[in-house]
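# Quick check, what structure comes out for this input:
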Amino acid sequence: MAEFLRPEAKAALTRWREVILAAFVGLVGLWLSQRFIGIVAWMGWAVLMLALVWAVTAWRAARFKGAGGGPGIVHIIERRISYFGPVTGGIVDLDQILRIEIEPESFATPHWIVTGPDGQRIEIPFDAEGTDALFDQFMLLPGLDVARLIAVRRNPPPVRTILWRKTRKLTH
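Below is the predicted model of the structure:
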């Protein structure tokens, strides 16, 4: 069977498919709100608002996604991040992460460096399979600047940079 799309176009559509779907759902909501009156129109407005929130979230996630195909694979199950690479790997629970850094220079590709309890470090290449799922996990960290996370993912800084650090709660 012949391919109708070039591989680059297919990759772009795959990357942005959630944004496209959210836009379509938003258009359906807009159509309902303009075409009908009463409860159906209100439902249309609600669908439109939900689609807008979905589209913004999907837009951020699509901008974060990498090409994939790099060394290793990332698995995330119930807030537990696992990285299995050809040389290193590790597992850390999201709630136990102490620091997230970017290391741009000492490896062939930029890496996320996730530091867990007792100084455990997991070095995850940007282009490892499944790294796009890290975005959803990192967004759950309190105080993380999502815009900065996306910016450094797209254009890594020239030196090791701390993106997030867990704040310690003082007890009396």
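
# which strand is the longest one in this protein?
strand 70-77 (DSSP state E).

# Just give the strands next to that one in its sheet, each with its orientation.
strand 80-84 (antiparallel), strand 128-129 (parallel) (DSSP bridges).

# Which residues outside that strand are in contact with it?
If you take CB atoms under 8 Å, 6 or more residues apart in numbering as the criterion, strand 70-77 is touched by 81-87, 89, 109, 124-131, 133-134, 136-137. C-beta coordinates here come from the backbone N, C-alpha and C atoms, glycine included.

# Can I get the buried part of those as one PyMOL selection?
In PyMOL syntax, the buried subset of the contacts of strand 70-77 is picked out as below (16 or more other CB atoms under 10 Å):
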select buried, resi 81+83+84+85+124+125+126+127+128+129+130+131+133+134+137
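
# Just the ones of the contacts of strand 70-77 in helices?
Using DSSP state H, the subset of the contacts of strand 70-77 located in helices is Ala133, Leu134, Asp136, Gln137.

# Go ahead and list the helix or strand containing the residue nearest to the third one when sequence neighbours are not counted.
So the one you mean is Asp136. Excluding the flanking residues, the one nearest Asp136 by CB to CB, 6 or more residues apart in numbering is Ala61, at 7.1 Å. Per DSSP states H and E, Ala61 falls inside helix 39-64.

# domain assignment for this structure?
In terms of domains, the chain is parsed into 7-63, 70-165 (source: automatic domain parsing).

# thinking again about what came up before, which single one of the ones in helices among the contacts of strand 70-77 is nearest to Thr57?
Asp136 (9.2 Å; CB to CB).
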